[in-house]
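Chemist: Please work out how this folds:
(2 chains)
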Amino acid sequence: MIDPRILRQSAAEVARNLARRGFTFDADAYLALEDKRKTLQVETERLRGERNASAKQIGQAKARGEDVEPLLAAVEDLGDRLDGCEAELAELQQSLRDVELGLPNLLSDDVPDGSDESANTEVRRWGKPREFEFEVHDHIDLGQALGMLDFDAASRMSGARFSVMTGALARLHRALIQFMLDTHTAEHGYAETYVPYLVQSQALVGTGQLPKFEEDLFKTETERPYYLIPTAEVPVTNLAMDTIFEADELPLRYTAHTPCFRSEAGSHGQDTRGMIRQHQFEKVELVHFVKPADSIQALEELTGHAEVILRRLELPYRVVTLCAGDIGFGSTKTYDIEVWLPGQQKYREISSCSNYNDFQARRMKARVRDPETGKPVYLHTLNGSGVAAGRALIAILENHQQADGSIAVPEALKAYMGGLETIAA
RNA sequence: GGAGAGAUGGCUGAGUGGUCGAAAGCGCUCCCCUGCUAAGGGAGUAUACGUUAAUAGCGUAUCGAGGGUUCGAAUCCCUCUCUCUCCGCCA
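Modeler: Residues are numbered from 1 along each chain as shown, chains lettered A, B, ... in the order given. Here you go, the predicted structure:
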């Protein structure tokens, strides 16, 4: 959520900033609504003050044994007037909140202009795409030839966008997750967490998936609905919900491995083949809670932590800054890490690292006590994949494939594979 | 799933219709006293919103959540949520 104070005081600038995303913020309509709210709130609080004062008087008069009838008569219609004002105010405040929850975050100034991914700017590259002296295959052909990747079985029980892995491939998937968790906890200072995979709506409002993007989520049909988490960002970031941290408790870094569930509504026809875009996938997530002044630096560090994983896995990648039209709803600045996929001859997203500044914190009331003033201020949240396990698996298959269709296990993973050097049929 | 108990400020814990945003204790902060240690005295110590130049005042709200009764609710009524205990079931 954008600071309502900023909305009020600088509505035109906010509208200009959000327009870079292609988002239209009707500043005049908002300010008109806000103006009404101000008038009504002042009036409502005045009436309440009046009521409180008279109730006190009546109490005191009664204690003295005086006749309270005249006092009661004087406030006869006060209750009705107050009820009317309160109802109207509640409605207005809900309308304002609806608008506020629907606004994306303000963009950082260094986010490049542009309407789609073609305008993302490359920050750096690591590794060189390998020259193959044989015909390269994509992960689907490779996995199926190994007899370890089965989309048919998956579709029979669950439909499209699911996969079944068996044998060494399933183990490689597990090994990747262990390797990533170990690296982040042992070397990058993250605390490992285990969190719920089903959450209620308020958690998703906190991180920004709701109310706007409900169609992207799976939802249970239980009496009280649960949502399946689309990313560990949701439960992990909500660890800070309704919390006031002391300044010396920050920064906090959390990591979690969870499955992620996405309806992929609106992505029909995209990446329908293979494991790139699934309803269910595994990811190791990185989350930071930092003091407001530290989030810009924290984004660089977090991105670096994800990059370490790809380097150790010997996977060529590049880092891009998402442009204004491609960046996510709640982010003020995002780096995507794109891994080279020989099967597609393209760099494809494998991690997305974002600074949300106070956008999520304000929604979930996550604060830190400012040591100067002693007052709580909204902390800053960041998150990034470190990295998506399914896509890392794809990248390993395609980048480390050998002429005979076997897969060379990267050095970093051998210990997690029981010493296995090669995955072969 | 069955039966019962409970939810109050950072913590413990009082408070069953009015002067209660809330006693007391602990903790914490500041000051005073005290030649180390220890003890004592005093003041302060929630959050949000509104108003405002203001992190100054002032106002409003908040005693699990929501609704109701009332001139007035932490206190009475209803619904819900959560926690704990016992029983049953269970990965």
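
Chemist: from here on, contacts and neighbour counts on C-alpha atoms
Modeler: Will do.

Chemist: of all of chain A, which residue lies closest to RNA strand B?
Modeler: Using C-alpha to the nearest atom of the strand, the single residue of chain A nearest to RNA strand B is A:G49, 3.1 Å away.

Chemist: In the helix or strand harbouring that residue, which residues are buried?
Modeler: Element membership for A:G49, per DSSP states H and E: helix A:27-63. Within helix A:27-63, the residues scored as buried using 16 or more other C-alpha atoms under 10 Å are A:27, A:30-31, A:34, A:37, A:40-41, A:43-44, A:47-48, A:51, A:54, A:58.

Chemist: who in chain A is up against RNA strand B?
Modeler: Contact residues (C-alpha under 7 Å from any atom of the strand) of chain A with RNA strand B: A:4-5, A:38, A:41-42, A:45-46, A:48-60, A:62-63, A:72, A:75-76, A:79, A:373-377.

Chemist: which residue ranges form the helices in the stretch 201-350 of chain A?
Modeler: Shown for the stretch 201-350 of chain A, the helices assigned by DSSP state H, counting those that start in this stretch span residues A:201-207, A:233-237, A:295-312.

Chemist: and for the longest one, what are the contacting residues?
Modeler: The one in question is helix A:295-312. By C-alpha atoms under 8 Å, 6 or more residues apart in numbering, the residues outside helix A:295-312 that reach it are A:126, A:180, A:183-184, A:188, A:286, A:288, A:290, A:316-317, A:335, A:337, A:351, A:353-355, A:357, A:380-387, A:410-412.

Chemist: 6 Å instead?
Modeler: A:C353, A:G386 (C-alpha atoms under 6 Å, 6 or more residues apart in numbering).

Chemist: need the helix or strand of chain A with the lowest average pLDDT.
Modeler: In chain A, no helix or strand scores lower on mean pLDDT, DSSP states H and E than helix A:69-74, which sits at a mean of 81.

Chemist: and the next element down the chain from that one?
Modeler: The element immediately downstream of helix A:69-74 (helix or strand, assigned by DSSP H and E) is helix A:78-101.

Chemist: and that next one with helix A:27-63, angle?
Modeler: Here the directions of helix A:78-101 and helix A:27-63 differ by 150 degrees (axes from the mean of the first three to the mean of the last three C-alpha atoms, to 10 degrees).

Chemist: Could you list the alpha-carbon positions for helix A:78-101 in CSV?
Modeler: The C-alpha trace of helix A:78-101 is given here as CSV (Å, rounded to 0.1, in the frame of the first residue of the first chain):
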residue,chain,number,x,y,z
LEU,A,78,-27.3,12.4,19.5
GLY,A,79,-27.1,8.6,19.2
ASP,A,80,-29.0,8.6,15.9
ARG,A,81,-27.0,11.4,14.4
LEU,A,82,-23.8,9.6,15.5
ASP,A,83,-25.0,6.3,14.0
GLY,A,84,-25.7,8.0,10.7
CYS,A,85,-22.3,9.6,10.6
GLU,A,86,-20.5,6.5,11.6
ALA,A,87,-22.1,4.3,9.0
GLU,A,88,-21.4,6.8,6.3
LEU,A,89,-17.8,7.2,7.4
ALA,A,90,-17.3,3.4,7.5
GLU,A,91,-18.5,3.2,4.0
LEU,A,92,-16.3,6.0,2.8
GLN,A,93,-13.2,4.5,4.5
GLN,A,94,-13.9,1.2,2.9
SER,A,95,-14.1,2.8,-0.5
LEU,A,96,-10.8,4.6,0.1
ARG,A,97,-9.2,1.4,1.3
ASP,A,98,-10.4,-0.5,-1.8
VAL,A,99,-8.8,2.1,-3.9
GLU,A,100,-5.6,2.0,-1.9
LEU,A,101,-5.3,-1.8,-1.9
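
Chemist: Distance from the chain centre to it, please.
Modeler: Chain-centre distance of helix A:78-101: 31 Å, with C-alpha atoms, centre = their mean, to the nearest Å.

Chemist: Ok, stretch A:35-45 next?
Modeler: Taking C-alpha atoms, centre = their mean, one finds stretch A:35-45 lying 35 Å from the centre of the chain it belongs to.

Chemist: Run a quick neighbour tally on A:A145.
Modeler: Applying other C-alpha atoms under 10 Å, we find 14 residues neighbouring A:A145.

Chemist: I'd like the distance between A:L142 and A:A425.
Modeler: 10 Å (C-alpha to C-alpha, to the nearest Å).

Chemist: The two: who's more crowded?
Modeler: Legend: neighbour count by other C-alpha under 10 Å for A:L142 and A:A425, higher for A:L142 (21 against 15).

Chemist: With adjacent residues omitted, what lies nearest to the more buried one?
Modeler: Residue nearest to A:L142 in three dimensions, not counting chain neighbours: A:G405, with 6.3 Å by C-alpha to C-alpha, 6 or more residues apart in numbering.

Chemist: Tell me where the stretch 51-200 of chain A is predicted with low confidence.
Modeler: In the prediction, the stretch 51-200 of chain A carries no residues with pLDDT under 70.

Chemist: same thing but 80
Modeler: In the predicted model, the stretch 51-200 of chain A carries pLDDT under 80 at residues A:63-66, A:68, A:74-76.

Chemist: now do the stretch 301-425 of chain A
Modeler: A:371-374.

Chemist: Now do the strands in it.
Modeler: Using DSSP state E, counting those that start in this stretch, the strands of the stretch 301-425 of chain A run over A:317-321, A:333-341, A:346-355, A:366-369, A:376-378, A:380-388, A:407-408, A:422-423.

Chemist: Most tightly packed of these?
Modeler: strand A:380-388 (a mean of 28; mean count of other C-alpha atoms under 10 Å).

Chemist: for that strand, packing partners?
Modeler: Contact analysis of strand A:380-388 by 3 or more C-alpha pairs under 6 Å, 6 or more residues apart in numbering; DSSP states H and E lists strand A:280-290, strand A:346-355 as its packing neighbours.

Chemist: other SSEs contacting the first one?
Modeler: With contacts taken as 3+ C-alpha pairs under 6 Å, 6+ apart, strand A:280-290 sits against strand A:252-261, strand A:380-388.

Chemist: chain center to the last one: distance?
Modeler: Meaning strand A:380-388. That offset, for strand A:380-388, works out to 8 Å (C-alpha atoms, centre = their mean).

Chemist: what's the angle from that strand to helix A:295-312?
Modeler: On the basis of the same axes, to 10 degrees, strand A:380-388 is oriented at 10 degrees to helix A:295-312.
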